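>>> pasting the sequence and the predicted coordinates here, then a few questions.
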Amino acid sequence: MENKIIKELSKKIRKLRNNENMTLKDMSKKTNLSVSFLSQVERGESSIAITSLKKIADALDVSITDFFEEKHKQKFTRKKDDQQIFKLEGSNTEYIRLSGDFSKRTMETLLVQIAPNEKHGTKFTHPGEEFVYVLEGAIIVNLDGEEVLLKAGESIHYPSEISHYWVNPLNQKSKVLSVLSVTLF
């Protein structure tokens, strides 16, 4: 399944890049990603981090959702049957996208399930704000080196420009609701 997703993603990236008459070298300059890495991604030979995918989407002036779904009409609701679990670049973290689909959307809402004793993401920053509410379990949120333990029923809201990552310190899966003021998918 994961291999199929990577192959479909690679085809869409190549198609969008070609539609823009952009070379791999041009894309490399816009994304600060190497030509060889971009080539591997387009051939389906390399997985890709969400931050790299966001750089490619920005270079192509598209939303990340354009890589995962076919264009369709506006959709404001996300029924349970529409909610699909997906993972990124060898991570054990599971995501379920909860946001609607419509043009000029400025928020991303995700259900994030972090495996036991796993780190979620790498220390990174991105534009906007992030709100996190722990539904089950607990997480440690690291904000620029300062750690905050959140248990079920607790939340945190911070500027995403602060370097951050999360850790599930438990021997069970933790589930959080994440709302970002920037669209990723």
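Cool, the structure landed. Residues are numbered from 1 along each chain as shown.
>>> other residues contacting stretch 175-185?
The contact list for stretch 175-185 (C-beta atoms under 8 Å, 6 or more residues apart in numbering) reads 50, 54, 63-65, 68, 97-99, 105-114, 126-137, 139, 160, 166. The C-beta positions use only the backbone N, C-alpha and C, and glycine is treated the same way.
>>> the lowest-mean-pLDDT helix or strand in the chain - contacts with which helices or strands?
Least confident helix or strand, the chain: helix 65-68 with a mean of 71, by mean pLDDT, DSSP states H and E. Counting by 3 or more C-beta pairs under 8 Å, 6 or more residues apart in numbering; DSSP states H and E, the packing neighbours recorded for helix 65-68 are helix 2-19, helix 50-59.
>>> could I get the buried residue list for the shortest one?
In this case it means helix 50-59. For helix 50-59, the neighbour count (16 or more other C-beta atoms under 10 Å) marks I50, S52, L53, K54, K55, I56, A57, A59 as buried.
>>> so how far is that helix off the chain centroid?
A distance of 10 Å separates the centroid of the chain from that of helix 50-59, by C-alpha atoms, centre = their mean, to the nearest Å.
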